[in-house]
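here you go, sequence then predicted model.
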Amino acid sequence: MDARAWIGLIIILLAAFMELLDVSVVSVAIPAIQRDIDATYAQIQWTLAGYQLAFAAGMITGGRLGDIFGRKRMFITGVFAFVVASLLCGLAPSAGLLILFRVIQGLAAAAMFPQVLAIMHVSFPEEKRAAVFGAFGAMASLSGIAGPLLGGVLVDANVFGWGWRTIFLINLPVGVVALALAPSLVKESRSSERVKLDLTGALLVTAAVVLLVYPVIQGRDAGWPAWTWISMAVSVPVFALFAWWQHARKRRGGSPLVELRLFLQRAFSVGLVVSLLFWTAIASVFLVLTIFLQAGWDYTPLHAGLTFLPLAAASVIGSGVAVPLAPKIGRTVVQLGCLICIAGIVWLMVTVHGRTTSLTTWDLTPSFVVFGIGLGMLIATLNDLILTGVRNDDAGSATGVLNTAGQVAGAVGVAVIGLIFFGQLANRSDEATAASVPKLRHELQAAGLPAPAIDGVVTGFRTCYHDIAHAKDPTQTPASCGRISADPQSAPVVTAAVNKIRPEVQRQDFSDSFVPSMYFQIAVFAGTFLLVFFLPRRTSGEMHGH
């Protein structure tokens, strides 16, 4: 292998990092976007969901387009479209246009991202793939953590007075570098078979993914109305119709969108289920951690991002450990990663349990490092195991399916953990406020309020926090919070007492809710550990060595 191939790998990983970053980078800029372009909470949700939905829905088709027209060509096309869409997002004058440009950005990402794994799979010999996929694993780990951190830095820095717009405009120099260097450094490849795009299949699978993912993304904020369940139920027969169409098209001698022979390979079919389970855990654990630190413990986005840095560094170390181990022990690396992740989560649960007064970055770092090492080992090895037996002709189709599965699993994981975690917050809110009542009474008595007034304030405070914990829109302050004090003269005293007590109540509620929510993560990683037994023992590098 010459140096050009490795430099080309850096280029495609840089572009992939940029696109994965945009899944999470917007979350920290939500308040600034709302203020600047007068966006509603629903519009902000669509700014986040539009990108994720388009990204997930388009990747199977994007992967197959790479097989047909060339993976490098589709990669460059996708990067160009992503850069243009990023510029438009950065210049968007209204919330409606921002949503539209985010959808275009997601479609561009769907055209580009499947080509990354496909190019890696076909451009490097088997003995090098462990290192290549290890680099991809390190990049994927960093991207999920770097989004909130980079977003916080850019919004706080307010470069040139552009504020939140810099989170999109930062993509321009990265994209330009990729566009300038990819044509000469990235190897072109395509299917050797005469493949035509299956438009009917593309429409069916896009419809099925949208029917499943859209209600999953929007369900909690909408209160899980009947249409969300109907939509998810309808996605099942649409997926079945897509599978039937693929089989019928293949039988008639046509080119299916997804090569069904992929599912005859145990590594791919079982690996797809393992990947679904794994990404369900990863997406959900980072959501809970972000909300826990920022909403529960009042970390700023920048502080939260810096707190995640040891985890990110540890995941790179884990990827580095996995690369030489994978050729020797194969799938056991993934299982070790699962066990280490579980150990990190248990350590984190012990650290958080009962905390109400102090939780520093240094308190969290040991458990984050352990979890990060396990995470790096998993991501670095799993894709190599899954793609071990995939033919080069099917690389785009395989990676399109694999990446779509990851996006769908992430959306499902976020929805499930949202139900668990926010449900715990709501259920435990009354218990948390009850524990703080004696302190609140003491503060009010010291301020000289009479007993009847204190009783009214306590009742009002409990109602206020109950409504906060049960609210669907966290950006709105419940009306009950404005009626805690019935006497305008005592309002300053009451406000001071409530502001002193409320952070402790909030931390108590979040700590009590966080710990049981982590049992979901443990169960998912344990399930992943068991399913890996059904994968082939060897990675591509180990097979080459034998």
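Happy to help now that I have it. Here the structure is a predicted model, which is why all the values come from computation and not from measurement.

ranges for the helices of the stretch 351-500 of the chain?
361-386, 395-446, 451-470, 491-531 (DSSP state H, counting those that start in this stretch).

how about the helices in the stretch 51-200 of the chain?
Along the stretch 51-200 of the chain, counting by DSSP H, counting those that start in this stretch, helices occupy 71-91, 95-123, 126-157, 166-169, 171-185, 199-222.

let's test this: mean pLDDT of the third one, rounded?
Along helix 126-157, the predicted local confidence has a mean pLDDT of 76.

next one: the fifth one
In this model, helix 171-185 carries a mean pLDDT of 90.

out of the helices of the stretch 351-500 of the chain, which gets nearest to L260?
Comparison of the helices of the stretch 351-500 of the chain against L260 by C-beta to C-beta identifies helix 395-446 as nearest, at 9.8 Å. Bear in mind the C-beta positions are built from the backbone N, C-alpha and C, glycine included.

residues near the nearest residue to T200 once chain neighbours are set aside, how many?
Spatial nearest neighbour of T200, excluding adjacent residues (C-beta to C-beta, 6 or more residues apart in numbering): W245 at 6.2 Å. Using other C-beta atoms under 10 Å, W245 is surrounded by 19 other residues.

what's the distance between W245 and G254?
For W245, the distance to G254 equals 10 Å [C-beta to C-beta, to the nearest Å].

which residues are in contact with both of the two?
Residues touching both W245 and G254 by C-beta atoms under 8 Å, 6 or more residues apart in numbering: D198.

residue with max distance from the center of the protein?
Here the chain reaches farthest from its C-alpha mean at P450, the gap being 50.8 Å by C-alpha atoms, centre = their mean.

phi and psi next, for that residue.
Backbone torsions of P450, given as degrees, to the nearest 10, read phi -70, psi 160.

check what pLDDT it gets.
pLDDT recorded at P450 is 83.

and if you look at A486?
With respect to pLDDT, A486 scores 66.

may I ask which helix or strand of the chain has the lowest mean pLDDT?
Using mean pLDDT, DSSP states H and E, the weakest-scoring helix or strand in the chain turns out to be helix 540-545, at a mean of 44.

shouldn't W245 be in contact with A202?
No. In this structure, W245 is not within contact of A202 by C-beta atoms under 8 Å, at 10.5 Å.

which neighbours do those two have in common?
Shared contacts of W245 and A202, counting by C-beta under 8 Å, 6+ apart, come down to nothing at all.

centre-most residue in this protein?
Centroid-nearest residue in the chain, with C-alpha atoms, centre = their mean: A283, separated by 4.1 Å.

separation between that one and Q43?
23 Å.

hang on, the earlier thing: ok, which of the helices of the stretch 51-200 of the chain comes nearest V323?
For these, the distance to V323 is smallest for helix 126-157, at 4.0 Å, taking C-beta to C-beta.

in the closest one, what counts as buried?
Buried residues in helix 126-157, counted by 16 or more other C-beta atoms under 10 Å: 126, 128-155.

and the helix or strand harbouring L14, C-alpha only, in PDB?
Using DSSP states H and E, L14 sits in helix 3-24. Output in PDB follows, covering the C-alpha atoms of helix 3-24 (Å, rounded to 0.1, in the frame of the first residue of the first chain):
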ATOM      1  CA  ALA A   3       1.000   6.600   1.200                       C
ATOM      2  CA  ARG A   4      -1.600   8.000  -1.100                       C
ATOM      3  CA  ALA A   5      -4.200   5.400   0.000                       C
ATOM      4  CA  TRP A   6      -3.700   6.300   3.600                       C
ATOM      5  CA  ILE A   7      -3.900  10.000   2.900                       C
ATOM      6  CA  GLY A   8      -7.100   9.300   1.000                       C
ATOM      7  CA  LEU A   9      -8.400   7.400   4.000                       C
ATOM      8  CA  ILE A  10      -7.800  10.500   6.100                       C
ATOM      9  CA  ILE A  11      -9.800  12.600   3.600                       C
ATOM     10  CA  ILE A  12     -12.800  10.400   3.600                       C
ATOM     11  CA  LEU A  13     -12.800  10.100   7.400                       C
ATOM     12  CA  LEU A  14     -12.600  13.800   7.700                       C
ATOM     13  CA  ALA A  15     -15.700  14.200   5.500                       C
ATOM     14  CA  ALA A  16     -17.500  11.500   7.400                       C
ATOM     15  CA  PHE A  17     -16.600  13.200  10.700                       C
ATOM     16  CA  MET A  18     -18.100  16.400   9.400                       C
ATOM     17  CA  GLU A  19     -21.400  14.800   8.500                       C
ATOM     18  CA  LEU A  20     -21.700  12.800  11.800                       C
ATOM     19  CA  LEU A  21     -20.900  16.000  13.700                       C
ATOM     20  CA  ASP A  22     -24.000  17.600  12.200                       C
ATOM     21  CA  VAL A  23     -26.300  15.100  13.800                       C
ATOM     22  CA  SER A  24     -25.500  16.500  17.300                       C
END
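
list the contacts of the very next helix or strand once past that helix.
Downstream of helix 3-24, the next assigned helix or strand under DSSP H and E is helix 30-37. By C-beta under 8 Å, 6+ apart, the list of residues contacting helix 30-37 from outside reads 26, 39-41, 44, 47, 92-95, 98, 155, 163-164, 475.
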